[in-house]
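>>> I'll drop the sequence and a predicted model, then ask my questions.
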Amino acid sequence: MATVPRRTLVAIGAAALLGVSACGGTAAPPAAAPAAPGSSASGSAAAPSASGAQGAWTWTDDRGKNISVPRRPQRVVAQSAAAAALWDFGVRPIGVFGPHRLKDGGRDPEVGEVDIAKVESIGNVWGEFNVEKYASLQPDLLVAGMYQKDTLWYIPEQSVAAVDQVAPSVGVQLSGKPLVDIIDKYGQLATALGADPKAAPVVEAKNRFDAAGAALKTLAAAKPDLKVMIVTGTPESLYVAYLPDHPDIKYWGELGLNIVYPSKPTESEGGFWEVLSWENADKYQADVILVDARSQSMKIDEMAKKPTWAKLPAVKAGQLYPWHAAERYSYLGYAQVMEELKTNLEKSRDDVVK
């Protein structure tokens, strides 16, 4: 983010109340992607009793943590990416933390379709979480993704104990799992919180996701020689994404895209990336480079000042496109990502790398 990858996704790749509703509508440390992948226990929700929201509510999250409360949570606070995913499935959080408001006051892409004018901000940047404000919202539940095993994203380590005393929390594992499984987990959680999985916007988003994936697969088959690399940067280093640790990139590889990636990640990053000095930024060659588009990440015009970057074939060919590293895990979110990716790759030459 300004410099950051995903554990820097994690750490950042180094915050008018609305109750949760089952409506039918819809700078962290430098580069590190979601921190190291962790094992996950399958999360599940017990079906609400006949009394609906008045019945007992249980859920086992991806830490293997069992949550059991007298009634279905109504007041949910969520990390921005989790809030965005839940929003697309029909849940309306009352508060968010993590990137959601840009410096100009606009909505950060990381918070998706969430109406930031109707949710309370608990913190907007890495390391910022206002525990007192969080407690004042009287939340029933906190939801956050996890890139590092058993570690809720964007909750400062020093605040964990205090946050745990306020309300139960649900963690959703975001690494080491297939993209579709993560999306499905958010859908299951939203349903358990009262959202309608058959609502028209949800069904339409799923159909759009399937269509976008099929179109990307067709394009990959038509352009087997098109080499694609995914990166993020800091002033000191270039981070090249390690395919197995990124659910989105791995999914695209399964669809047939020719992804250029390291044989192994840099050990100190806990996975996710190979870290290269800018002097060695030409280690890998690709026809197309997807660049981390997060607001905190190094911008392409800043990278252009690095001599080795400027000499890369994809850079000289102008085939640089955004990579939405912190996209919310919903069908709508990734349908949009894959549609944009297909459009960009369709117009790209596959003979840039000689």
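Sure, I can see it.

>>> can we go C-alpha only for contacts and neighbour counts from here?
Will do.

>>> all strands for this structure, in order.
44-45, 57-60, 66-69, 76-79, 95-97, 120-123, 141-146, 169-173, 227-233, 237-241, 258-260, 273-277, 288-292, 320-323 (DSSP state E).

>>> out of the ones you listed, which one sits most buried?
strand 95-97 (a mean of 30; mean count of other Cα atoms under 10 Å).

>>> helices or strands up against that strand?
strand 76-79, helix 80-88, strand 120-123 (3 or more Cα pairs under 8 Å, 6 or more residues apart in numbering; DSSP states H and E).

>>> any idea of the mean pLDDT in the second one?
Along helix 80-88, the predicted confidence averages to a pLDDT of 97.

>>> what domains does the record give for the protein?
The chain breaks down by automatic domain parsing into domains covering 7-196, 203-346.

>>> Ser237 reaches Trp278, doesn't it?
Yes: using Cα atoms under 8 Å, Ser237 makes contact with Trp278 at a distance of 5.5 Å.

>>> can you give the distance of the top helix by length along the chain from its chain's centre?
Counting by DSSP state H, the longest helix found in the chain is helix 200-222. In terms of Cα atoms, centre = their mean, to the nearest Å, the centre of helix 200-222 is set 19 Å apart from its chain centre.

>>> okay, and the helix or strand of this protein with the least pLDDT?
strand 44-45 (a mean of 38; mean pLDDT, DSSP states H and E).

>>> coming back round to it: what is in contact with Ser237 and Trp278 at once?
Applying Cα atoms under 8 Å, 6 or more residues apart in numbering, one finds that no residue jointly contacts Ser237 and Trp278.

>>> still on that earlier bit, which one of the strands of the chain has the poorest average confidence?
Across the strands of the chain, strand 44-45 gives the lowest mean pLDDT, at a mean of 38.

>>> contact partners for Phe97?
Counting by Cα under 8 Å, 6+ apart, Phe97 has contacts 15, 77-80, 121-125, 129, 154.

>>> nearest to Gly145 among the residues you listed?
Gln79 (7.4 Å; Cα to Cα).

>>> check what pLDDT the residue nearest to Tyr251 when sequence neighbours are not counted gets.
In space, and not counting its chain neighbours, Tyr251 is closest to Leu179: 6.5 Å by Cα to Cα, 6 or more residues apart in numbering. Leu179 carries a pLDDT score of 97 in this model.

>>> so where is the stretch 151-300 of the chain shaky, pLDDT-wise?
For the stretch 151-300 of the chain, no stretch has pLDDT under 70.

>>> which strand residues bridge Val57?
Let me fix one detail, which is that residue 57 is Trp and not Val. Here Trp57 sits in beta bridges with Val69, as judged by DSSP bridges.

>>> any figure for the gap between it and Gly171?
16 Å (Cα to Cα, to the nearest Å).

>>> ok, Leu152 next?
Distance from Leu152 to Gly171, by Cα to Cα: 6 Å.
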